[in-house]
Each structure stands twice: as C-alpha cells, then as structure tokens.
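Engineer: I need the structure of the sequence given here:
(one chain, ligands or ions: 1)
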Amino acid sequence: MKIIDTHMHTMARTTDDLERMATAGIAVVVEPAFWPGSNRRHAESFFDYFRHIEGFEAKRVGEYGIRHYCAIGINPKEVDDLGLASAVIERMEEFIALPTALGVGEIGFDRITPTEDKVFCMQMEVAKRLDCPVIIHTPHFNKLNGVRRSLEIIKETGVKEERVIVDHNTEDTIAETKKHNVWAGFTMYPITKMTPARTVAILKEYGLERMLINSSADWGPSDPLAVPKAVALMRREGFSEEDIKKVVFDNPVEFFSQSPKFKI
Ligand SMILES: [Zn+2]
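Structural biologist: Numbers count the residues shown, from 1 in each chain. Okay, the predicted model is just below:
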C-alpha cells in the first residue's frame with residue numbers, strides 16, 4: 001500500500017526514521033512550516049528555514065525514495081511580534097513559488113488571541129490571492145472554538161473551502177468540520193492527543209469523504225509510522241483495501257493536486 005502522510009515535520013527526523021518510513025510504504029510526505037520550539041527573532045531566520053525545507057529537506061528525504069513537498073507559513077506559536085510576522089508575510093509568496101512548495105501552512109490558532117487572528121487572516125489573504133492549498137492548525141486547548149473561528153475566517157477571506165485542510169480534529173470537532181466543504185485532517189500521536197485507534201473509530205462513524213490522516217512526526221513525542229500503523233489497524237477492523245487506499249492515498253492526491261506542482 002502506497003501511503004501519503006499529509007503533515008509531517010521530517011526536518012526533526014533522523015535517517016533511521018526515513019528508512020523505516022520508506023519500508024512501511026510511505027511514498028510522499030508534506031511538511032508544513034513549523035515552530036522550532038524557541039521563537040525566531042529575525043525575518044531572515046524564517047526565510048532560511050523556508051529554503052531549507054523546500055530544498056535541502058526535499059532532497060534528503062528524496063534519497064530514501066520518498067517524495068517531499070512543503071507548505072510555507074507562520075505557525076501561531078510565533079506570531080506575537082506583529083512587525084516580524086508582517087515582514088515574513090510580505091515575502092511569503094516568493095517561497096510558495098519555489099518548485100516543491102504547494103501552498104500555505106501551517107497557520108491558524110494556538111491561544112486564539114487577537115494577534116493570532118490578525119496574522120491568520122493576513123496569511124489567508126495570501127492563500128486567496130494564489131488560490132493554493134492551505135493547511136490549518138487547530139489549537140490543543142479550546143479546540144472547538146478554534147475550529148469555529150477558523151471556519152469563519154475561511155468564509156471571511158473568501159478562500160475556497162475545498163482548498164483547505166482543517167487539521168488536528170478530534171471527536172469534539174469533527175461534526176463541526178464536516179458541516180463544511182473543507183478537508184478534515186487527523187494527527188495521530190503515540191500517547192497524548194489522538195491515537196490511531198480513536199481516529200479509525202471516527203472514520204467508521206463519519207465515513208471517508210474528504211478525510212486525511214497524518215503523523216505530524218515533529219520534534220516532540222510523535223510517531224513517523226502512525227499512518228502505516230493506522231493502515232494495519234483499518235485492515236484488522238475490516239476496512240476494504242480500496243477504502244484504506246482512499247484515505248491514505250486517493251484523498252491526499254485529490255487534495256494536493258489542487259497545486260499543479262504536485263506530481264505522483
Ligand atoms: Zn505541524
């Protein structure tokens with residue numbers, strides 16, 4: 001089974017991980033821009049990072065037979081300095097134009113502050129202009145409010161719903177997300193937050209249309225094999241091969257093909 005992980009921070013991962021991912025069938029990954037854990041203080045640090053994930057990381061991961069794409073954006077964890085955020089957003093389009101960059105992400109909410117709201121809207125304006133795919137991060141706390149406001153912002157900025165992944169859904173948010181024509185993402189972690197078992201239970205209840213699963217595989221506790229493990233679990237739970245393929249391959253291809261740069 002060929003697998004696409006729609007949200008993975010491979011930069012935080014070792015070559016051992018890349019080898020295991022390739023062995024487990026992961027063929028394509030998309031790396032949205034992330035927060036390094038401590039805040040960057042200069043716009044240029046963002047630009048160097050965007051170039052790194054777009055170029056070096058695509059090549060490094062590609063050497064394991066895994067195609068690597070990225071998305072460009074400022075994570076809500078890093079938007080408190082509005083001047084800095086504006087300076088980064090001013091040049092975002094230049095990096096989204098690079099060959100392996102598919103669109104905008106990950107953007108959205110962390111603590112749902114007015115500044116986060118403003119920077120989120122500014123980045124959605126870029127996405128609207130480019131009519132490109134967008135990956136939206138939803139907050140760990142107050143998640144339902146974060147999802148509701150994100151859906152409002154999509155409407156207010158006029159970005160087409162089908163261009164957007166509302167990511168990191170849970171049992172508490174999926175009903176709200178499914179009221180819209182956006183794509184619903186689930187990020188599966190080994191311990192806290194959503195597990196593969198909880199995600200598969202939601203897929204059983206809500207069906208497979210516009211559903212996407214991913215691992216995040218960032219620098220915190222996370223599992224680069226979360227998606228292959230969910231595939232194994234779906235098989236045990238009686239999903240057909242065709243249905244499994246829809247979630248881990250066909251749906252991601254349909255979503256990311258909204259960028260002409262996405263090739264499989
Ligand atoms: Zn992420």
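Engineer: Dump the longest helix along the chain to PDB, restricted to CA.
Structural biologist: Counting residues, the longest helix in the chain under DSSP state H turns out to be helix 114-130. Extracted in PDB, the C-alpha atoms of helix 114-130 (Å, rounded to 0.1, in the frame of the first residue of the first chain):
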ATOM      1  CA  PRO A 114      -6.400  38.900  18.600                       C
ATOM      2  CA  THR A 115      -2.900  38.900  17.200                       C
ATOM      3  CA  GLU A 116      -3.100  35.300  16.100                       C
ATOM      4  CA  ASP A 117      -6.500  36.100  14.400                       C
ATOM      5  CA  LYS A 118      -4.900  39.000  12.500                       C
ATOM      6  CA  VAL A 119      -1.800  37.100  11.300                       C
ATOM      7  CA  PHE A 120      -4.100  34.100  10.400                       C
ATOM      8  CA  CYS A 121      -6.200  36.400   8.200                       C
ATOM      9  CA  MET A 122      -3.200  38.100   6.600                       C
ATOM     10  CA  GLN A 123      -1.900  34.600   5.600                       C
ATOM     11  CA  MET A 124      -5.300  33.600   4.300                       C
ATOM     12  CA  GLU A 125      -5.300  36.700   2.100                       C
ATOM     13  CA  VAL A 126      -2.100  35.300   0.500                       C
ATOM     14  CA  ALA A 127      -3.700  31.900   0.000                       C
ATOM     15  CA  LYS A 128      -6.800  33.600  -1.500                       C
ATOM     16  CA  ARG A 129      -4.600  35.500  -4.000                       C
ATOM     17  CA  LEU A 130      -2.700  32.400  -5.000                       C
END
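Engineer: how about the strands in the stretch 51-200 of the chain?
Structural biologist: 67-72, 101-108, 134-137, 164-166, 183-187 (DSSP state E, counting those that start in this stretch).
Engineer: counting contacts, what elements does the longest helix of the chain pack onto?
Structural biologist: The contact analysis (3 or more Cβ pairs under 8 Å, 6 or more residues apart in numbering; DSSP states H and E) places helix 114-130 against helix 82-90, helix 92-96, strand 101-108, helix 143-157. To be clear about C-beta, it is placed using only N, CA and C from the backbone, and glycine gets the same treatment.
Engineer: could these go into JSON lines alongside mean neighbour count, mean pLDDT and distance to residue 41?
Structural biologist: Supplementary listing: the helices and strands packed on helix 114-130 in JSON lines, determined by neighbours: other Cβ atoms under 10 Å; pLDDT from 0 to 100; distance: least, Cβ to Cβ, whole Å:
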{"stretch": "helix 82-90", "mean neighbour count": "17", "mean pLDDT": "98", "distance to residue 41": "7"}
{"stretch": "helix 92-96", "mean neighbour count": "18", "mean pLDDT": "98", "distance to residue 41": "18"}
{"stretch": "strand 101-108", "mean neighbour count": "28", "mean pLDDT": "98", "distance to residue 41": "20"}
{"stretch": "helix 143-157", "mean neighbour count": "18", "mean pLDDT": "98", "distance to residue 41": "26"}
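Engineer: Check the chain for me, the residue farthest from its geometric middle.
Structural biologist: With distances taken from the mean C-alpha point of the chain and given as Cα atoms, centre = their mean, the most distant residue is residue 238, at 27.3 Å.
Engineer: Return the residues in contact with that residue.
Structural biologist: By Cβ atoms under 8 Å, 6 or more residues apart in numbering, no residues touch residue 238.
Engineer: helix/strand/coil for it?
Structural biologist: coil (DSSP: H, G, I helix; E, B strand; the rest coil).
Engineer: Please tell me how far it sits from residue 204.
Structural biologist: For residue 238, the distance to residue 204 equals 9 Å [Cβ to Cβ, to the nearest Å].
Engineer: With residue 182 instead?
Structural biologist: Distance of residue 182 to residue 204, given as Cβ to Cβ: 21 Å.
Engineer: Between the two, which is the more surrounded one?
Structural biologist: Comparing residue 182 with residue 204 by other Cβ atoms under 10 Å, the one with more neighbours is residue 182, at 24 against 13.
Engineer: That one and residue 209: what is the separation?
Structural biologist: 12 Å.
Engineer: go on, residue 197?
Structural biologist: Residue 197 is 21 Å from residue 209, by Cβ to Cβ.
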